[in-house]
Every structure is written in C-alpha cells, then in structure tokens.
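1. coordinates only, no sequence provided:
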C-alpha cells in the first residue's frame, strides 16, 4: 500500500485545526501512536485562490471575428483557471462551435466536435461554482456546459439572450466585453433544426490570454514564503550572538548545595559589624492586672 505523501505545513497553509492523528492513534490499535499535535495543511489550490483578486482577460480568434472575454477569476477561481490553462495549452485551437440555437446560446469547447467529448485541465470533472451575484442575465454571458451537477470539463457556451432559469445549473465564469458584432455574426449562421449544428463552420482558430491572475498569485505566494523563511533564520542568528562564549567562566562557588555562591567571609563580616540591641532596650515590667473587686479606678 502506497503511503500518501505528507504535506509540508508552513505559515501560509497551516490550518486552525490539527490533523487529528493524536486522537485517532489513541483510539485505534491499527495506527502508529502520535503524541504531538500537528496543524493540518490547507489544500494548495484553496490557498492560491485566496490570493486571486483580479479579473482575467482572454480573446478568442474565430473565423467570424474576435471575441473579448472577461473572466470572473475572483469569484469562480477554479472554473476560470481551467479555461485559462486550456487556452494557454492551445486546447481550443481548431475546435468548432458544434451547437447554436438562435435567441438562446452557442456552445463549443469540445475537440471532438460532437458535444460528448472534452476534458478539464486536470483530466477529471470539477465542481460547480455557483454565485448568487452571477446570473444568466443579458447577452454575452460565458458559462460552463455540463452533463449534470459537478461534471464540468472543457465545454462552454455563450448566451444570445437572458436565460436566468439556467442559474444554479451552470457555472457562470465570464462575459463578452468586446466583439458583439462577431457574436451577432455567429448567431446569424443557420443551424440544422434537428441537431442544432451550424450549417456553416464556426471555428476557434486560436486564443490569446492577456491577463492571468494565477501567475501573479503564484508569484505572490512564493514571495510570502521567502519572507517567512527569512523571518525564521533571523532570530536564530540573533540567539547565537547573544549566547556567552563556551570558554567564559561563571561566578565562583564556595560550597555545595544551597547558597554555594555566597561568600562565608562576607556574611561573617556583616554579623560582626551589626550592633547588639539586647542591652540597649530595657524590657518593661508588666504591671500586674488587678482582679475582680478592685475599685481603685472608680
């Protein structure tokens, strides 16, 4: 059985909870005993997405003209990263829009051109990222095509008009911000009424990524980790400088046990110089108390 690789925990990815190995080993005889609590490591992608604060920008060069897309990387980070990474590896180059329905949507992103193919950048489907402030409202909304919940891969569609009933069914991850004349030209291509396949080819020739927020996030994380390493090294060097030399001698000792550093001669000298007070202050005699029946004070 292959042992999973232990994640390295640092200041950035340390969770506020432990791995739970101490309690698990305490109650299980099958686990190796653990006596030290260790912070769990946050998933690297979760950490990276916390640093993504900007929009992404991509241009699709089609045989009908260019489409400029703004990507909501700050709201749907995994979906947008999938799209940007696929564009960068030229995954969409030469692919066609295999489905187009006038006054509805145009769909593409399948290298097979059948509507049943395509893979995500990671080679497996990924989860939906629904956001309450994103809706299929208006023309030019960029959204993921899927075959059910959490089955996102590479296929996407662009709306020709509002279709809010698709909200919480498909992940919205961007919108068209330039090239609406191109979108109109694509919509005007006639489709087969039985298959919704365009009768004339609508093709993505290439893509250009103008802004990739994930590169900036990775660079920022690397810089933060570098600073953390420097902060750890600096105190160690300070401690070494403050430590006394190994050859230096400590204070002299005069006896073993408690008070070994006290000089007996010094205590003897103090005792001789201290004046006696036993004869200087006379002891006052106590006046005998009068018993009951003594009325002298009356």
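-> Okay, I see it. None of the values given here were measured: they were computed from a predicted structure.

2. so which residues of this structure form helices?
-> 21-27, 44-50, 77-88, 180-187, 213-242, 264-273 (DSSP state H).

3. which of those has the lowest mean pLDDT?
-> Here those differ in mean pLDDT, and the lowest is helix 21-27 at a mean of 54.

4. any idea how this structure splits into domains?
-> Domain ranges of the chain: 14-42, 53-217, per automatic domain parsing.

5. got CSV for the ones you listed, with distance to residue 261 and mean neighbour count too?
-> C-beta here means a position set from N, CA and C on the backbone, and glycine is covered the same way. Conversion of the domains of the chain to CSV gives the following (distance: least, C-beta to C-beta, whole Å; neighbours: other C-beta atoms under 10 Å):
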stretch, distance to residue 261, mean neighbour count
domain 14-42, 38, 12
domain 53-217, 59, 18
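
6. out of these, flag the one nearest residue 254.
-> The closest of these to residue 254 is domain 14-42. By C-beta to C-beta, the value is 43.4 Å.

7. nearest spatial neighbour of residue 114, skipping sequence neighbours?
-> Excluding the flanking residues, the one nearest residue 114 by C-beta to C-beta, 6 or more residues apart in numbering is residue 98, at 6.7 Å.

8. which ones are touching the closest residue to residue 119 other than its chain neighbours?
-> Of all residues not flanking residue 119 in the chain, residue 153 sits nearest, at 5.5 Å (C-beta to C-beta, 6+ apart). Residue 153 is in contact with 118-120, 125, 146, counting by C-beta atoms under 8 Å, 6 or more residues apart in numbering.

9. ok, these vs residue 133, which is closest?
-> Checking the contacts of residue 153 against residue 133 with C-beta to C-beta, the nearest one is residue 146 at 20.6 Å.

10. mind listing what that closest one touches?
-> 128, 152-153, 155, 170-171 are the contacts of residue 146 under C-beta under 8 Å, 6+ apart.

11. quick check: it vs residue 130, distance?
-> 12 Å (C-beta to C-beta, to the nearest Å).

12. overlap in contacts, the two.
-> In terms of C-beta under 8 Å, 6+ apart, residue 146 and residue 130 are both contacted by the residues residue 171.

13. surely residue 177 meets residue 66?
-> No. Using C-beta atoms under 8 Å, residue 177 makes no contact with residue 66, being 11.5 Å away.

14. number of nearby residues for residue 43?
-> Residues near residue 43, counting by other C-beta atoms under 10 Å, number 12.

15. any idea of the pLDDT on it?
-> Looking at residue 43, its pLDDT is 72.

16. mean confidence score for stretch 152-169?
-> Computed over stretch 152-169, the average pLDDT equals 98.
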